[in-house]
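K.L.:
need the 3D shape of this:
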Amino acid sequence: MAAEHEQSDRFRGARIHLSDLTGLEIRDCEVGGLRIVDCYGSDVQLGGDFGRVVVNDVEVTAYVEAELDRRHPARVLAREATTVAGYRAAWEAVETTWRTTLDRARRLPEPRLHEQVDGEWSFVETQRHLLFAGDAWLGNAVLEEEGPYHPWGLPAGGMPADASAALGLDLAAAPTLEEVLGPRLARMAVMRRVVTGLTEAELDRVCGRKPADPYPDQEYVVRRCLRVVLKEEAEHHRYAVRDLDELAAEG
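P.N.:
Just a heads-up that it's a prediction; the model follows:
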């Protein structure tokens with residue numbers, strides 16, 4: 001059985017030399033300054049939020065970002081939204097892309113929608129995570145709702161179990177796609193209402209913070225919280241489409 005290392009700093013500044021790292025997986029880690037030198041492999045994949053990526057002395061950061069933007073235009077609108085019109089256009093793009101992708105997902109048998117591809121969240125788990133993101137950054141932060149969290153919400157893996165329980169989340173829940181889409185689409189409708197009534201002054205309003213809740217963890221204005229929702233939607237749509245392609249190819 002492969003070794004598991006979680007929440008450890010034992011590899012910080014380490015030098016790994018002449019070792020067999022076949023199948024090594026590094027997930028949800030800080031890798032600033034990571035260097036892979038004079039190594040070889042037939043299948044190497046990188047995925048994450050990297051400020052600068054250099055492959056064999058060629059910086060590929062701009063190329064990768066441009067290609068992702070070409071394939072997923074909604075992520076550009078989400079990233080660059082600064083005005084009321086920009087937020088509305090970004091959310092319109094998010095809703096349009098998800099509408100098409102949900103129609104596609106519904107054509108697959110329900111069990112396939114619960115399958116994980118390469119250890120990533122399943123399609124249903126992705127919907128649960130986006131439900132949580134909307135609850136946290138829209139319901140909790142922007143709207144300051146008293147009880148914003150739906151129990152089917154799925155936080156990022158770094159949240160401790162006791163913190164999830166404190167928010168009323170049921171991580172062991174196993175809703176069907178249509179079941180989770182009930183609260184998920186309802187939260188999306190709330191986002192639509194918010195951006196429709198948005199004003200430039202509201203964008204700069206400071207969101208309230210509740211000491212017991214993890215988000216927002218510092219003083220954020222409305223525009224920052226809405227941008228988090230937009231980026232979560234755009235990026236996880238990219239992941240969902242990638243995995244739907246894989247599921248369709250297999251079936």
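
K.L.:
how about the strands in the stretch 1-150 of the chain?
P.N.:
54-55, 58-59 (DSSP state E, counting those that start in this stretch).

K.L.:
so where's the stretch 51-200 of the chain shaky on pLDDT?
P.N.:
Confidence mapping of the stretch 51-200 of the chain against pLDDT under 70 gives the ranges 66, 69.

K.L.:
look up how far Gly86 lies from Glu200.
P.N.:
11 Å (C-beta to C-beta, to the nearest Å). The C-beta positions use only the backbone N, C-alpha and C, and glycine is treated the same way.

K.L.:
okay, those two: which has more neighbours?
P.N.:
Set Glu200 next to Gly86 and count neighbours by other C-beta atoms under 10 Å: Gly86 wins out with 18 against 10.

K.L.:
could you double-check that that one lies in contact with Val76?
P.N.:
No - with contacts counted by C-beta atoms under 8 Å, Gly86 stays clear of Val76, the gap being 10.7 Å.

K.L.:
does Leu198 count as helix, strand or coil?
P.N.:
For Leu198, the assignment made with DSSP: H, G, I helix; E, B strand; the rest coil gives coil.

K.L.:
ok, the nearest residue to it once chain neighbours are set aside to Gln218 distance?
P.N.:
Spatial nearest neighbour of Leu198, excluding adjacent residues (C-beta to C-beta, 6 or more residues apart in numbering): Val84 at 4.9 Å. Separation of Val84 from Gln218 (C-beta to C-beta) stands at 24 Å.

K.L.:
and those two? Which one has more around it.
P.N.:
Using other C-beta under 10 Å as the criterion, Val84 and Gln218 rank with Val84 on top: 18 against 7.

K.L.:
coming back round to it: what's near enough to touch the residue nearest to Leu198?
P.N.:
With contacts defined as C-beta atoms under 8 Å, 6 or more residues apart in numbering, Val84 is in contact with Val195, Leu198, Thr199, Glu200, Leu203.

K.L.:
could you measure it against Thr97, distance?
P.N.:
21 Å.

K.L.:
now swap in Arg184 and tell me
P.N.:
Applying C-beta to C-beta to Arg184 and Thr97 gives a distance of 15 Å.

K.L.:
neighbour-wise, which of these two wins?
P.N.:
Arg184 (25 against 20).

K.L.:
any idea how far Gly13 is from the more buried one?
P.N.:
According to C-beta to C-beta, Arg184 stands 42 Å off from Gly13.
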